[in-house]
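**Q** predicted coordinates and the sequence they were generated for:
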Amino acid sequence: MADLNAVEIRNVSKIFGFGEFAFAAVNDTSVAIRQNEFFTLLGPSGCGKTTLLRLIAGFEFPTSGEILLNGENIAAMPPFKRPVNTVFQSYALFPHMTVAENIGFGLQMLGRPKAEIQARVAEMLKLVRMEELRGRRTSQISGGQQQRVALARALAPQPKVLLLDEPLSALDYKLRKDMQIELKRLQAETGITFIFVTHDQEEALTMSDRVAVMSAGRILQVGSPREIYDAPTDRFVADFIGETNFLKGRVVSTENGIAEVDTGVAGHIAAALPTGFSPDGEVTVVLRPEHAMLCPPDAMGECQMTGTLENVVYFGTDTHYHVVLSDGVTPFTLREQNKPMQAARFAQGDRVGISVEANAARVLRN
Ligand SMILES: Nc1ncnc2c1ncn2[C@@H]1O[C@H](COP(=O)(O)OP(=O)(O)OP(=O)(O)O)[C@@H](O)[C@H]1O
């Protein structure tokens, strides 16, 4: 059993509407989510994240394709029979019930013995650190506390998979950061597979074991946060996550998965190719702003590219330099970490040279 994926989505589509109004909210998507994984579906509003979650939960049925849970096809299994539970954005708690009653509600519906419910509720109260508020009505606790109760209620029946649909979006920034750590802890302590939906890239990168980036009903890339950030394969993924520079160019040669790309204005750049991709014409190269540096003024001749500094933005931890390269049109952004009491080295209007870290540039598939 241990080797089976927790959830397997096989060529699943979900079409809403008919005829000319037919719309694929999920479009021929496949992905395997491992046991005990913190897996995140990340994408902009309307890309199909919630629909995919609802398909796993059984609130929607796929138009085509299969969904397997622990290797078992669950097409015919109604939502309440699936070993899956959902935490909604709205929490959906019962305001007239106490914290403890809310947590025990699911177990009661399943007809579990009273002693078992009591023991389990006590365990859950401890897990989410809400023991002191067990007798309070949920209408009389804070947003963050309600979030904890919603989590405890969903975890109480010991689901194999917990689905979380933007569960932190109603919380303010500080509480959200605290709950992110709390969720990671809960996942590690329970060993339950978490499938977490968010449109917040920072949240996805900091919390997940793996992230699936979705756009227009499709999963474009699945990987660890580092893979998704450092090695995006698609323009959408590169653009959606973090800041990126795009440079158009032509492949001159390819060797061992590295292409030499002539970008014209930024010279020849060695850029890694996505696995199994060997282009020979026009390509786009991506380079993260923190993987480029401003050259010392006396070393300008040795730089990868040159340009004019258009704008300098101080962010406290780092400074962003917005440059227009020497063709007068191509924008390029660099980010440098600030040092204590460092004086500004460059000013708007300066001619600057830019060097690039080795192994940082990548060719995109599209
Ligand atoms: N029941 C439905 N009938 C028709 N269209 C739907 C239905 N449910 C969702 N859609 C459409 O499917 C697309 C995907 O919706 P979904 O809620 O899955 O997106 P999402 O990525 O979760 O977005 P958000 O972050 O805004 O919740 C949207 O264009 C939405 O309007």
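**A** The structure has been received and is ready for your questions.

**Q** the residue nearest to residue 51 when sequence neighbours are not counted: which element?
**A** Of all residues not flanking residue 51 in the chain, residue 25 sits nearest, at 4.2 Å (C-beta to C-beta, 6 or more residues apart in numbering). Glycine gets a C-beta too; all of them are placed from N, C-alpha and C. With elements taken from DSSP states H and E, the one containing residue 25 is strand 23-33.

**Q** got it, and residue 144?
**A** Using DSSP H and E, residue 144 sits in helix 143-155.

**Q** which residues sit against that helix?
**A** 85-88, 91-93, 99, 102-103, 105-106, 124-125, 127-130, 133, 138, 141, 162, 167-168, 170-172, 175, 178-179, 182-183, 186, 190, 192 (C-beta atoms under 8 Å, 6 or more residues apart in numbering).

**Q** if we go to 6 Å?
**A** Helix 143-155 has contacts (C-beta atoms under 6 Å, 6 or more residues apart in numbering) with 85, 87, 91, 93, 99, 102-103, 124, 128, 130, 138, 162, 171, 175.

**Q** which parts of the stretch 101-250 of the chain sit against the ligand?
**A** By C-beta under 6 Å from any ligand atom, the residues of the stretch 101-250 of the chain that approach the ligand are residue 199.

**Q** can you map out the helices along the stretch 101-250 of the chain?
**A** 114-127, 143-155, 173-190, 201-207, 225-230, 235-240 (DSSP state H, counting those that start in this stretch).

**Q** got the contact list for the fifth one?
**A** Taking contacts as C-beta under 6 Å, 6+ apart, the residues outside helix 225-230 that touch it are 205, 208, 211, 241-242.

**Q** run the last query once more with 7 Å
**A** Identification of contacts with helix 225-230 by C-beta atoms under 7 Å, 6 or more residues apart in numbering yields 205, 208, 211, 213, 221, 237, 241-242.

**Q** mind listing what's buried in it?
**A** Residues 225, 228-230 are the ones in helix 225-230 that count as buried (16 or more other C-beta atoms under 10 Å).

**Q** tell me which of those residues is nearest to residue 42?
**A** Of all those, residue 42 sits closest to residue 228, with 8.3 Å by C-beta to C-beta.

**Q** residue contacts, the spatially most central residue of the chain?
**A** Compute the mean C-alpha point of the chain, and by C-alpha atoms, centre = their mean the closest residue is residue 204, 3.3 Å away. Residue 204 makes contact with 40, 42, 198, 211, according to C-beta under 7 Å, 6+ apart.

**Q** in the sheet, who's paired with the third one?
**A** Per DSSP bridges, the residues bridged to residue 198 are residue 42.

**Q** pretty sure it sits against residue 42.
**A** Yes. The pair residue 198 / residue 42 is scored as a contact, 6.0 Å apart, by C-beta atoms under 7 Å.

**Q** looking at the two, which is more packed in?
**A** Neighbours per residue (other C-beta atoms under 10 Å) separate residue 198 from residue 42, with residue 42 holding more: 28 against 22.

**Q** wait, doesn't residue 305 sit right on residue 356?
**A** No. Assessed by C-beta under 7 Å, residue 305 is found out of contact with residue 356, at 8.0 Å.

**Q** higher neighbour count, these two?
**A** Taking other C-beta under 10 Å, residue 305 and residue 356 do not tie; residue 305 has more neighbours (24 against 21).
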